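K.L.:
Kindly return the folded structure for what I paste below:
(one chain, ligands or ions: 1)
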Amino acid sequence: MSRTTVATIHLGALRHNLARIKALAAPAKVMAVVKADAYGHGLERVARALDAEAEAFAVAALGDGLRLRAAGHRQRIVVLSGPDQPGDIAEMQRLELEAAIHHEAQLAWLAEASPARGRLRAWLKVDSGMHRLGFPPGRVAEVHARLAAMPGVDPRIGLLTHFAESENFDGRATAAQIARFDEATRGLDGPRSLSNSAAVLGWPEARADWVRSGGLLYGLSVVEGRSGADFGFRPAMTLSTRLIAVNRVGKGERIGYNGTWQCPEDMPVGVAAIGYGDGYPRSAAAGTPVLVGDARVPLIGRVSMDLVTLDLRGAPRARVGDRVTLWGPELPVETIAAQAGTISYDLTCGMTRRVLFVEDER
Ligand SMILES: *Cc1c(COP(=O)(O)O)cnc(C)c1O
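P.N.:
Next comes the predicted model:
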């Protein structure tokens with residue numbers, strides 16, 4: 001093995017999490033969101049684990065839909081930003097992918113689509129307040145009518161919107177988005193989809209026909225200050241490596257690049273084989289917890305490309321070769337994300353190509 005850094009993907013956790021989302025969302029159906037290589041867990045791996053239970057997948061881009069079809073998945077697949085260029089449409093028809101339609105430019109391309117290739121299923125994306133993608137509420141009825149009249153488009157048009165802060169369960173913004181979406185789509189036929197993971201937990205009135213869940217599928221936190229485990233979800237990734245050195249360093253000596261951390265006494269310092277070159281965040285501050293065996297110890301000094309340094313005073317029996325866990329069921333990735341000034345999604349999406357991925361049934 002060229003590298004000791006391993007991301008273990010827990011297939012049992014993925015299945016458990018999907019079952020739990022389905023139970024929470026019922027009677028709404030669930031689109032399993034597998035964009036960004038399944039939030040860094042591996043698109044094909046996750047889709048294979050969920051194939052029997054997932055009613056639909058959602059991806060960011062056409063290429064991911066192609067990968068799912070190539071792997072043999074027959075479910076409905078929604079491409080959340082639709083075609084990016086005119087040539088994408090024929091490809092989406094061929095692959096029977098469904099397209100979120102959010103922009104005038106896409107309408108012009110779709111108007112040219114030939115029904116001979118099969119009618120494309122479209123989801124009209126409404127901008128209910130996030131102001132990223134979507135048609136303004138005032139244009140929804142007109143765009144719906146135009147889409148329904150296009151020969152290359154299936155007349156069963158879906159209606160979609162996305163929340164900007166559904167993790168804020170007491171806030172007004174989501175309630176306002178729901179109201180704007182309801183108003184804009186009143187009287188129009190077609191399945192509706194509003195909720196992401198946080199909304200599944202906090203906004204039951206927005207479950208509609210389909211929810212689109214990503215974070216919870218991987219057991220990630222979708223509410224600040226709470227972990228996925230707090231809501232009964234199980235982390236689907238463990239990131240681990242090995243201890244490759246244990247050194248005694250004298251009082252007053254400084255550790256690592258720029259000597260940002262100074263030893264307060266003579267002490268054991270461990271070195272683990274992982275760094276930002278693997279996707280462990282360089283911004284992780286001194287004090288970020290790491291598990292050496294079962295002992296929780298603080299990171300010290302700067303995270304470098306291939307290595308991190310650890311204060312082993314709390315793990316006096318630590319030896320070269322010991323397993324080091326950076327995050328996983330025993331150490332929430334949310335804790336690391338908070339120390340690094342980011343969110344858990346950013347960390348799991350950031351695993352680099354030199355990390356070895358393995359699977360277990362846990
Ligand atoms: C990423 C995404 C989702 C899933 O969001 P989670 O918070 O991870 O559940 C749903 N809908 C759209 C449009 C997205 O881009």
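K.L.:
Quick one: low-confidence residue ranges for the stretch 151-300 of the chain.
P.N.:
Under the criterion pLDDT under 70, no range of the stretch 151-300 of the chain is flagged.
K.L.:
What residues does it have near the ligand?
P.N.:
Proximity of the stretch 151-300 of the chain to the ligand is confined to 162, 196-198, 212-215, 222 under the rule C-beta under 6 Å from any ligand atom. Every C-beta, even on glycine, is put in place using the N, C-alpha and C of the backbone.
K.L.:
Just give the number of residues close to residue 296.
P.N.:
14 (other C-beta atoms under 10 Å).
K.L.:
Check residue 253 too.
P.N.:
14.
K.L.:
buried stuff in the strand ranked longest in the chain?
P.N.:
In the chain, taking DSSP state E as the definition, the longest strand is strand 237-249. Residues of strand 237-249 classed as buried: 237-244, 246, 249 (neighbour count, 16 or more other C-beta atoms under 10 Å).
K.L.:
ok, those vs the ligand, which is closest?
P.N.:
Among the buried residues of strand 237-249, residue 237 lies closest to the ligand (C-beta to the nearest ligand atom), at 14.4 Å.
K.L.:
Quick one: residues contacting the closest one.
P.N.:
Contacts for residue 237 (C-beta atoms under 8 Å, 6 or more residues apart in numbering) come out as 7-10, 40-41, 218, 327-328, 333, 348.
K.L.:
run the last query once more with 6 Å
P.N.:
The contact partners of residue 237, taken as C-beta atoms under 6 Å, 6 or more residues apart in numbering, are 7, 9, 41, 348.
K.L.:
per-residue confidence for the last one?
P.N.:
On pLDDT, residue 348 comes in at 98.
K.L.:
For burial, what's the neighbour tally of it?
P.N.:
Using other C-beta under 10 Å as the criterion, residue 348 is surrounded by 27 other residues.
K.L.:
gap between it and residue 46?
P.N.:
Distance from residue 348 to residue 46, counting by C-beta to C-beta, to the nearest Å: 11 Å.
K.L.:
Output the residues of the stretch 151-300 of the chain next to the ligand in JSON lines; the columns should cover neighbour count and distance to residue 144.
P.N.:
Formatted as JSON lines, those follow (neighbours: other C-beta atoms under 10 Å; distance: C-beta to C-beta, whole Å):
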{"residue": "162", "neighbour count": "25", "distance to residue 144": "18"}
{"residue": "196", "neighbour count": "22", "distance to residue 144": "23"}
{"residue": "197", "neighbour count": "28", "distance to residue 144": "27"}
{"residue": "198", "neighbour count": "22", "distance to residue 144": "27"}
{"residue": "212", "neighbour count": "22", "distance to residue 144": "20"}
{"residue": "213", "neighbour count": "28", "distance to residue 144": "25"}
{"residue": "214", "neighbour count": "20", "distance to residue 144": "26"}
{"residue": "215", "neighbour count": "24", "distance to residue 144": "30"}
{"residue": "222", "neighbour count": "26", "distance to residue 144": "30"}
